[in-house]
Structures are given as C-alpha cells and as structure tokens.
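Undergrad: Predicted structure and sequence below. I'll ask about it afterward.
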Amino acid sequence: MVFILLLFVTFCALALLSWLSLMLDKRRTNVKGPTPYPLIGNGHLLAVDSAEFLRVLKRLETEYDGSAFIHLFSARYVLTSNPKLIEGILTSNELNDKGTSYNFIRPWLGDGLLTSTGPKWKAHRKFLTPAFHFNILQNFVPVFCKSAAVLRHKLRHQADGSPVDLFPLLALAALDSVTESIMGVSVNAQSDSESEFVKAVDVMSSIASMRMRNPFVQPDAVFNLLPYKTQQDKALEILHGTTRKVIKARKEELRKAEISDLGPNAETGIKNKHAFLDLLLLAEVDGKKISDDNVREEVDTFMFEGHDTTTSGMTYCIYILSYHEDIQEKILAEQKSIFGDIFERDPTYSDLQEMKYLDLVIKESLRLFPSVPLIERGVSKDVDVAGLRLLKGTSVVIDLFNMQRNPDLYEDPLEFRPERFESRTRNPFHWLPFSAGARNCIGQKFATLEMKVIISDVVKNFKILPLGEEPVLAADLILRSKNGVKVKLQPR
Ligand code: HEM
C-alpha cells in the first residue's frame, strides 16, 4: 500500500515538474499554441489518422494566427502555414537541416539526398545537380512517351464508363519512367500489375508517416514491440532488394560495355543517357569512388522521390480535370495547335516547352494537391524569423497543403482556375509544391516533363469524366487518398 502511494506521489511530482517545464518553455517563444498536458505535452492532438491530420493542422494554424507551437512529449514543434515564416525558413542558409520526423524514413532511405544534412548533403547535391540538366533530361522524353503508350493501352481496356482508380496505374507508369531514365534499367513495372515494390512503398510510407504524427510510437523501444515493425521489415526487404537489383543490372551493363570510369573529361558522364546512376557508380567525390552503401541510399531516395511524387501529381491533375470538360478542351486545342495533322506523334522536348496552357493546369493542380503536402526543417539554434522566435531543437512542420489553399493568398482557393498562374506578379513563395531555396526539389524539371507527356497523352486519347466520389485526402509522406482517386474514361 505504501509502495503504491509512493509510486503515485512520484508520478504526480514528475507530472507537475514536466508540466512546469513545458509551460516555461512555451514562455520562451512568441509563437502561440495550445496548453500542453503534463508528460505528453500536446501529443494527443496529432495522434490522429493521416486523413484527419491535415484538418487538425488547419484548425491549429487558424486558431493561432498561422503558426502553432506545440510539444510532442517534450519535443518542440511549430506547425505553420504562415507564408512569411515559410519564406524566411526556406531562404535561410541556417535552416537547411531536416526536422526529426525524417528519422522515421532513414531505415529505408538512409542518408540519401532527401534526408542527409551538412557536408554530405552539400557534396552530393553539387555532384548530382548536373544529372538533372536539361541536356540530360531531354534524352528521357522518349522513355516517358514509352510509359505513356503502355498506360494508354491499359486505360483503353478500362475506358467503358466503369470507375478507374488512377493512383495504382500511374504509380507503375511513373516507376517505369524513373528506373528506365535516370537508372538506365527497364523493370517493366506496368506489365507486372501487382508490383511488390509499389505496395511496399505504400506500406513504408504509411508506417513512417504514422510515426511522424504519433509520438506514442516514436521511440524504437515501443515501435519494435508492435506488429508495424514486422510489416516495416518485410517492406524494407522488398524495397532494398529491388534497388540492389537495379544497381546490379546497371553495373552488369557497364561491365559488358567495358566502361569503368567517366573518361578523361568528367563531362562525358553527364552527357551520357543514363547519367544519374552512372555518375554514382563511376564518378569520384574527393578522389574516392562512392561507397556501395551510399549508392544504395541515393538509388532508394530517387526511386521513391522520383516516382511517388509524380504519381500523386498526375493522379490529382487527371482527377480534377474530370470535373472540367472546358479545361480538357483547352488542353486539346493547344495539343492540336502544336501537333497539327500528325496528332498521334510523340512529343519532342521542344513540343513540351510549347505546352504553356498545360503548364498552368499542372501548376494549379499542384497548388490544390501538392504531392508533398508537408515538409519539415530542424532549428539548430534560437533564431528569429519573420518576427517569430524559433527555439533551438524545434522541428518546423511547413504545411504547404494548407498554405496553398489560404483564401488570403488565393481568391476562391478551392476553385480550379489554371488562369490564375498567367499573372507574372504572383509571389513565388505562395506556390511551393517543389519547395524553394537550397533544398528545393532537384527533380522539378524532370517531373514537369514527365507529367506533361503523360497527362497530354491521356487528354488526347480519352474524355475524362467525373465519378462523383471525392477522394479522402491523406498526408502519408505523399498526398494519397483513403478511398482511391477515381474517374471514368471514354475514348476520344
Ligand atoms: C510532382 C513531382 C514532385 C514534387 C511535387 C516534389 C516535391 C519535392 C519537395 C517539396 C521537396 C522538398 C522536400 C523536403 O524539404 O523535405 C523535394 C525534394 C527532393 N526531390 Fe522532389 N518532387 C517531385 C518530383 C521529384 C522527382 C521526379 C525526383 C527525382 C527524379 C525528385 C527528387 C527529389 C530529391 C532527391 C529531393 C531532396 C533534395 C535535397 O534535399 O537536396 N523529386 N521534392
């Protein structure tokens, strides 16, 4: 009895101490937020399902003037859709590190370009940037056209007015595009409609994002006891197994072609068609070849970032077009003006530059449905940004999704109006699907080309009709949907 009483008193004392410390911490910043509970802080607020999460963020951000300071247990977080704070963070040289949430994708992506920080990130970013130069990217257009042709063929079988769930179909097309282009290896994912890789990406993304939101499953000691750990291990086996196969296949091709370095002029490497993986396998950084582990981390990173993001981008664009026959007609008119009588031919790089209206459509679609709805930055010392004090150790969750739907920045924000991007006076920091600053998306041009090829092909070949079922949007690393993203198709 005395023992229980002692335990109870100790628990109450700890709870009181933790609460006082959280309250004192709150007073050190001018970013407002809800009152924390003892021990858990505000952890209970975010331990919600991924579909609810975007709504919770919106509610907190609205209630606290665009930015809310919270604690997940004792860890500091700022949730923000305040455009001035976001611009200040993304343009700061001091705030380039990723927030703590990225730890949950490290078992998968290691320290690749997305997750690494400091000198390693700087060296790899500098080294890989030329692989995304337009000289290289234009070689990939035929690869995207090939993916579009296989997709078209598959969609023809479903273009009978029945529901077509876009995400899984486009994921395979995007996977084919990224592996055959930057990796130089064909996996023919579209012919294998049950791609284990795509399913494993889905499992890993939802587990990682669940841990990002829910502080109760963040400690490894707790997570490792839960069934999620076994699911994660199984998914990782598939994901890492696939990337190992891709690396092995490319190494084998280089060996057969007797290519063992980039030649006397390092430029040759970036001019060759399979630039990205060849660079990783053949080039030297600081006089040393890149280690196998580092190659694998980058291949994992680019296989994920290079297909799941464009899948989401293309999926929601085609979905939203289903409600706008007039906009489909305008895209079609632009296609006719570019292709004239030879309407069926594949687009070239310069045709894609001509698709100005489609550009606006993709921009507006990525505003409403940013493929990466949330990003995070870590604060390594106390700093003032846009009049707000960010404390050392804070992870700032940058809510691109809600910022891009803010009525103060966009008139009638939920309306799909590509023409709003015709204006050249728009603040570029109000449209950030590819982020901005030093850690912006390295694959932006690649993504735009691929999306233009595939979306224009779909519009040229099918009338996209609404099914009337709204997707339940979920922030699972990538913007996904709980109930699929469905349309109906009719051959043109
Ligand atoms: C619609 C398509 C895409 C969107 C919306 C998108 C969006 C983003 C965003 C928001 C970031 C910043 C992430 C952060 O700060 O945590 C990012 C980074 C990155 N993206 Fe993309 N992305 C797309 C396509 C691609 C493609 C096609 C590739 C590669 C082929 C790619 C590779 C990367 C990499 C490696 C990074 C990390 C860059 C760094 O930190 O230096 N992305 N992307």
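TA: Here it is on my side, so go on. Since the model is a prediction, treat every value here as computed from it, not as a measurement. Numbering: from 1, shown residues only.
Undergrad: For the rest of this, base every contact and every neighbour count on C-alpha atoms.
TA: Fine.
Undergrad: can you list the residues of the stretch 101-250 of the chain near the ligand?
TA: Contacts of the stretch 101-250 of the chain with the ligand, taken as C-alpha under 6 Å from any ligand atom, map to 113-114, 125.
Undergrad: Serialize these to CSV and add fields for secondary structure.
TA: Below are those laid out as CSV (DSSP: H, G, I helix; E, B strand; the rest coil):
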residue, secondary structure
L113, coil
L114, coil
R125, helix
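Undergrad: from those, which is closest to P407?
TA: When those are compared for distance to P407 (C-alpha to C-alpha), L114 wins out at 30.7 Å.
Undergrad: my guess is the closest one contacts M303, does it?
TA: No: taking contacts as C-alpha atoms under 8 Å, L114 lies outside contact range of M303: 11.8 Å.
Undergrad: before we move on, back to that, which among the residues of the stretch 101-250 of the chain next to the ligand gets closest to K154?
TA: The nearest member of those to K154, counting by C-alpha to C-alpha, is L114 at 32.8 Å.
Undergrad: count of residues packed around whatever residue of the stretch 201-350 of the chain ends up closest to the ligand?
TA: Relative to the ligand, the nearest point of the stretch 201-350 of the chain is G306 (3.7 Å; C-alpha to the nearest ligand atom). G306 has 23 neighbouring residues, counting by other C-alpha atoms under 10 Å.
Undergrad: Which helix or strand contains it?
TA: Element membership for G306 (DSSP states H and E) is helix 292-321.
Undergrad: Please identify the buried residues of that helix?
TA: 295-321 (16 or more other C-alpha atoms under 10 Å).
Undergrad: by contact count, what packs against that helix?
TA: Packed against helix 292-321 by the contact rule (3 or more C-alpha pairs under 8 Å, 6 or more residues apart in numbering; DSSP states H and E) you find helix 106-109, helix 166-178, helix 227-256, helix 275-282, helix 356-368, helix 444-461, strand 462-466, strand 478-481.
Undergrad: Contacts for the first one, please.
TA: What it means is helix 106-109. 115, 204, 236, 239-240, 297-298, 300-301 (C-alpha atoms under 8 Å, 6 or more residues apart in numbering).
Undergrad: Now pLDDT too, for those, in TSV please.
TA: As requested, the contacts of helix 106-109 are exported to TSV (pLDDT from 0 to 100):
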residue	pLDDT
T115	96
M204	94
L236	96
L239	94
H240	95
E297	96
E298	95
D300	94
T301	96
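Undergrad: that older thread, list just the nearest of the residues of the stretch 101-250 of the chain next to the ligand to the ligand.
TA: For those, the nearest to the ligand is L114 (3.7 Å; C-alpha to the nearest ligand atom).
Undergrad: What sits closest to the residue of the stretch 201-350 of the chain closest to the ligand if chain neighbours are left out?
TA: Excluding the flanking residues, the one nearest G306 by C-alpha to C-alpha, 6 or more residues apart in numbering is V178, at 6.0 Å.
Undergrad: what angle do the helix holding G306 and helix 275-282 make?
TA: Angle, helix 292-321 to helix 275-282, by axes from the mean of the first three to the mean of the last three C-alpha atoms, to 10 degrees: 170 degrees.
Undergrad: what's the angle from helix 292-321 to helix 227-256?
TA: 110 degrees.
Undergrad: Show me what secondary structure element comes after helix 292-321.
TA: helix 325-339.
Undergrad: Quick one: list the elements packing against whichever helix or strand comes after that following helix.
TA: As assigned by DSSP H and E, the chain's next helix or strand after helix 325-339 is helix 349-354. In terms of contacts (3+ C-alpha pairs under 8 Å, 6+ apart), helix 349-354 is packed against helix 444-461.
Undergrad: Report the buried residues of the helix it packs on.
TA: Using 16+ other C-alpha under 10 Å as the test for burial, helix 444-461 gives 444, 446-461.
Undergrad: about what we covered before: mind checking how far the residue of the stretch 201-350 of the chain closest to the ligand is from K146?
TA: 17 Å (C-alpha to C-alpha, to the nearest Å).
Undergrad: do the same with L46
TA: Counting by C-alpha to C-alpha - L46 and K146 are separated by 43 Å.
Undergrad: re the thing from before, so, if you compare the contacts of helix 106-109, which one comes nearest to S195?
TA: The closest of the contacts of helix 106-109, once distances to S195 are taken by C-alpha to C-alpha, is L239, at 11.1 Å.
Undergrad: host element of the closest residue to the closest one other than its chain neighbours?
TA: Excluding its sequence neighbours, the residue lying closest to L239 (C-alpha to C-alpha, 6+ apart) is F197, at 6.0 Å. Per DSSP H and E: F197 is located in helix 196-213.
Undergrad: which helices and strands sit right next to that helix?
TA: Packing partners of helix 196-213 (3+ C-alpha pairs under 8 Å, 6+ apart): helix 50-63, helix 227-256, strand 473-476.
Undergrad: what's the next secondary structure element after it?
TA: On the C-terminal side of helix 196-213, the nearest following helix or strand under DSSP H and E is helix 220-223.
Undergrad: Tell me which helix or strand the residue lying closest to I478 once chain neighbours are set aside sits in.
TA: Leaving out its chain neighbours, the residue that sits closest to I478 by C-alpha to C-alpha, 6+ apart is V372, at 4.9 Å. V372 is part of no helix or strand when elements are defined by DSSP H and E.
Undergrad: for the chain, where's the lowest mean pLDDT among helices and strands?
TA: Least confident helix or strand, the chain: helix 267-271 with a mean of 45, by mean pLDDT, DSSP states H and E.
Undergrad: in a strand, that's where F69 is, yeah?
TA: Yes: assessed by three-state DSSP, F69 belongs to a strand.
Undergrad: my guess is it meets G33, correct?
TA: Yes: judged on C-alpha under 8 Å, F69 makes contact with G33 at a distance of 4.6 Å.
Undergrad: higher neighbour count, these two?
TA: Just comparing F69 and G33: by other C-alpha under 10 Å the higher neighbour count belongs to F69, 25 against 20.
Undergrad: measure the more buried one to R27 for me?
TA: From F69 to R27 the distance is 11 Å (C-alpha to C-alpha).
Undergrad: P466 and K488 touch, don't they?
TA: Yes: in this structure, P466 is within contact of K488 by C-alpha under 8 Å, at 6.1 Å.
Undergrad: intersection of neighbour lists for the two?
TA: S322.
Undergrad: the more surrounded of the two?
TA: K488 (22 against 19).
Undergrad: what angle do the helix or strand that contains that one and strand 462-466 make?
TA: Element membership of K488 [criterion: DSSP H and E] is strand 486-491. Going by the same axes, to 10 degrees, strand 486-491 is angled at 150 degrees with respect to strand 462-466.
Undergrad: What strands flank strand 486-491, and is each parallel or antiparallel?
TA: Sheet pairing for strand 486-491, assigned by DSSP bridges, gives strand 164-165 (antiparallel), strand 462-466 (antiparallel).
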